[in-house]
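Undergrad: here you go, sequence then predicted model.
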Amino acid sequence: MTIIGMLHHRKDPETVMKAYAFAAVAAAEGAKFYYFSPGEVNLLNRTIRGQVYENGKWESKIMPFPNVIYNAGSPEKLAKSKEIIDKLRKEIPFTTYSIGNKWSVNRRLKEAKDFASYLIPTEAVKSADHFIKYISAFEKVVFKPIDGRKGKGIYFIVQEGDRFSVKGEGTHRNYSASQLRGFIKKKLSNETFIVQPYIQSVTRSGQVFDFRLHVQKNGEGEWVITTIYPRVAPKGSIIANINSGGYTNYLDPFLEQEFKDEAFNIKKKLEYFSLSLAKHLDELQMEKYSEVIDEIGVDIGMDQDYKLWIYEVNWRPGCPPAFYLELDVVKNTINYAMYIAKNQRAIQVKIKEAKRRSTKRENETPIIAITGSAGKTTTKAFLSSILSKKWTVFESKDYWNTTEHTKKHAAEINSSHQAVVLEYGMAYPGVITEHCRIIQPNMSIVTNIGLAHVGNFDGDPRKVAKAKSELIHGMDQHGVLCLNRDNDNSRFLETRDFKGKTITIGIQKPADYRAYDVQYTDQGMSFKMKLQNEEIELFIPIFGEHHVYNALSAIAIADYLGFSPMEIKTGLLFKKPPRRLTIYNCKDNITLIDDTVHSHPEGVRAALDVLTNLAKHRKIAIIGQMRELGDLREKEYRKLGDYIQQQGIDLLITYGFRTEEIGAQAEKRGMPGQNIHHFTDREKLHALLSKLIQKDDTILIKGASKTNMFETVKFIDQNYS
């Protein structure tokens, strides 16, 4: 006969309502059952003073060690007896291991990938500006305390044009953008808040609902569904929590009422999801802790497209008494306890197999290298931001892209990293080959082939493409390669012998990942695309159509790796690399655009596009020298002068060796000579700016780091802030 011991932190079983049910069901199922607390354990004699239910009351008896222990007490309170419990664990199998709190479970599911697409993307709100960018992308969000309980402190915020509807805590107010910033700042001053996209899960009558899935293991060690039931919020509330006034219902009539012909399919979907998630969490517990779990409760929502979303995962959940399922729960628990008492060897084999599979997966880490004439750092930042939504990512620092940097990265990457995102720079042939020798990527992105460093390649973009092709030759030949279809020079890349998968991005030409309806917004760029057979609207908090291309490359790789559209949308709200079209709002409504990291003809034209699209009044362009153009310098400077005149730039200031050629061409094309200035002395340039800058001006400063154009950014910021 199997002996089951019920471990609880309380000494008296009369204070634990379910103890009687366990004793009764154990007797009915043919098991011996007693109740005990850690203080009653005698490790020397291998006995326990337990409480046995006999003749209608609990009797104290000296009992042998049980064959299995049902772990029923509070982990926090049992932690006081850790030494005793650890010794019991070494000899006796336990049931009911904790899977952690909701945040640790979310993190575990994100890292494991399989069910990460069902998690609602969650961000800790760093500032009011961070929140405004988030709502710019999602329009409807939930704003709530990170440690909130029982539905308290939760706000539902919707952007409606330039106004914001804020609902929660019994209030409903409309705020302007500045009022909302004040509201967010006040909340953040008191505690930490998180923000999530609002997943609408509403009945036909407009009431919010969710589903509770209760799953257990049975007497054969298999997962079974104990119950699935809906929880419905009271009218006017967005919280379906029972403690907030919500109520429960039976599943079948609820589905038939709300979903009509789809009721059967949705029920099957919920059942499949319940068992699949339970098995997945069990696998993760075996991999991470060498333990098996036996019971979970999952709260999920379902949006208008019938997509399921995980709100929360609980271990050892309670059943609502309205369903009379208390004995069903107990029966499964008792039978499972009897199963593990007799099948420890088989369970240990399962755990070893789970760990083997985990080790195999760890050896398949995506290593993604990014090269190109422009956009490497921004693409890397986008991709790292997306991947970090569920993985631990190694990302090379902002502009660390030399082979010496790659050697340092090779020493820093370790088994904790679930993805690696690197930037491979080059100025001469052979450099990228060396990068790949140090760290061979299995996924690669070539953002574009342009004129950066073209002077080192006899002024021939085809030779630049040949050098960039070293990434294609040096990567895993069965890996994944992402290319830009709109970039004409990318046709010179050497892809013929590549045996892996090639995916393409674009805006103008047909591509695997194509953006359309690209628009400037107050905070950045918005665009639409088809992703996983659905149209999705996306937002990036940086200006310029060229950055949409960078985002597309990141989206393509993330989608290939199994990231959901929601995770991608959230990840695009990235931390922008410094001095990449950074916007300074100065006094007198003066806008300053800082783009002073790199400078080449394509990048200057892209920055001028941003200036043209942002400026509402006078447009001032301050353009520094472009290096390494070689024999193409004169031709490219003339083309840039043409472009400046075509864009209707009001004032042009050039700085550095031979840059006066840009202004001369702009004047030749019709730009007034009195609006063109050239300097090789920075102090004289700044002196002119002090006289020229007016209210409402928008000023672009574009130049490479080596020309120190950032000094002019600092000058304007200090004098007009």
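TA: Yep, it's here. Numbering: from 1, shown residues only.
Undergrad: beyond the helix or strand of the chain with the lowest mean pLDDT, next helix or strand please.
TA: Comparing every helix and strand of the chain by mean pLDDT, DSSP states H and E singles out helix 102-112 as the least confident one, with a mean of 75. Along the chain past helix 102-112, the next helix or strand (assigned with DSSP states H and E) turns out to be strand 123-124.
Undergrad: what is the mean pLDDT for the next helix or strand after that following strand?
TA: Using DSSP H and E, the helix or strand that directly follows strand 123-124 along the chain is helix 128-138. The pLDDT scores in helix 128-138 average 89.
Undergrad: elements contacting the next helix or strand after helix 128-138?
TA: Past helix 128-138, further along toward the C-terminus, the next helix or strand under DSSP H and E is strand 140-145. Using 3 or more CB pairs under 8 Å, 6 or more residues apart in numbering; DSSP states H and E, the elements in contact with strand 140-145 are helix 128-138, strand 155-160, strand 193-197. C-betas here are computed from N, CA, C, even on glycine.
Undergrad: can you list the residues that contact the longest one?
TA: The one in question is helix 128-138. Helix 128-138 is contacted by residues 123, 125, 141, 143, 157, 159, 164, 177, 180-182, 184-185, 188, 195, 197-198, 521-524, 538-539, 541, 569-570, 572-573 when judged by CB atoms under 8 Å, 6 or more residues apart in numbering.
Undergrad: got the contact list for residue 341?
TA: For residue 341, the contact set (CB under 8 Å, 6+ apart) comprises 2, 4, 67, 68, 93.
Undergrad: among the residues you listed, which one sits closest to residue 336?
TA: Taking CB to CB as the measure, residue 336 lies nearest residue 68 of the contacts of residue 341, at 9.1 Å.
Undergrad: what's across from the closest one in the sheet?
TA: residue 4 (DSSP bridges).
Undergrad: I figured it was touching residue 7, is that so?
TA: No. Taking CB atoms under 8 Å as the contact criterion, residue 68 and residue 7 are not neighbours in contact, 10.5 Å apart.
Undergrad: now do the shared contacts for the two.
TA: Shared between the contact lists of residue 68 and residue 7 (criterion: CB under 8 Å, 6+ apart) are residues residue 94.
Undergrad: which one of those two is surrounded by more residues?
TA: The residue with the greater number of neighbours, taking residue 68 and residue 7 and applying other CB atoms under 10 Å, is residue 7; the counts read 26 against 23.
Undergrad: got the contact list for the more buried one?
TA: With contacts taken as CB under 8 Å, 6+ apart, residue 7 has the following neighbours: 36, 37, 38, 69, 70, 71, 72, 73, 78, 85, 88, 94.
Undergrad: would you turn those into TSV with pLDDT?
TA: Below are the contacts of residue 7 laid out as TSV (pLDDT from 0 to 100):
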residue	pLDDT
36	97
37	97
38	96
69	96
70	95
71	91
72	90
73	87
78	91
85	95
88	96
94	94
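Undergrad: farthest-apart pair in those, please.
TA: Largest separation among the contacts of residue 7 by CB to CB: 37 and 94, giving 15.0 Å.
Undergrad: so these two - more neighbours on which side?
TA: When residue 37 is set against residue 94 and neighbours are counted by other CB under 10 Å, the residue ahead is residue 37, at 23 against 19.
Undergrad: report the beta-bridge partners for residue 225.
TA: Judged by DSSP bridges, the bridge partners of residue 225 are residue 215.
Undergrad: would you mind measuring from it to residue 214?
TA: Residue 225 sits 7 Å away from residue 214, going by CB to CB, to the nearest Å.
Undergrad: neighbour count winner among these two?
TA: Between residue 225 and residue 214, counted using other CB under 10 Å, the more crowded position is residue 214 (23 against 15).
Undergrad: tell me how far the spatially closest residue to that one that is not a sequence neighbour lies from residue 267.
TA: Counting by CB to CB, 6 or more residues apart in numbering, the nearest residue to residue 214 once its immediate chain neighbours are dropped is residue 226, at 4.3 Å. Residue 226 sits 15 Å away from residue 267, going by CB to CB.
Undergrad: what about the closest residue to residue 589 other than its chain neighbours, how many neighbours?
TA: Nearest residue to residue 589 in three dimensions, chain neighbours excluded: residue 696, at 4.9 Å (CB to CB, 6+ apart). Residue 696 sits with 12 neighbouring residues when counted by other CB under 10 Å.
Undergrad: how about residue 696, secondary structure?
TA: For residue 696, the reduced secondary structure class is coil; criterion used: DSSP: H, G, I helix; E, B strand; the rest coil.
Undergrad: use 58 as the first number for this chain going forward.
TA: Okay, residue one is now 58; in that scheme the one you just asked about reads as residue 753.
Undergrad: now it: how far from residue 775?
TA: 20 Å.
Undergrad: over to residue 560?
TA: Distance check for residue 560 against residue 775: by CB to CB, it reads 46 Å.
Undergrad: of those two, give the one with the bigger neighbour count.
TA: Set side by side, residue 560 and residue 775 show more neighbours around residue 560, with 18 against 9, by other CB under 10 Å.
Undergrad: thought that one was touching residue 617?
TA: Yes. Counting by CB under 8 Å, residue 560 touches residue 617, with 6.6 Å between them.
Undergrad: got any residues that touch both of those two?
TA: residue 537.
Undergrad: quick revisit: so which of residue 283 and residue 324 has more stuff around it?
TA: Taking neighbours as other CB under 10 Å, residue 283 and residue 324 compare with residue 283 leading, 20 against 17.
Undergrad: wait, that one sits on residue 273?
TA: Yes. With contact taken as CB under 8 Å, residue 283 and residue 273 are classed as touching, separated by 5.2 Å.
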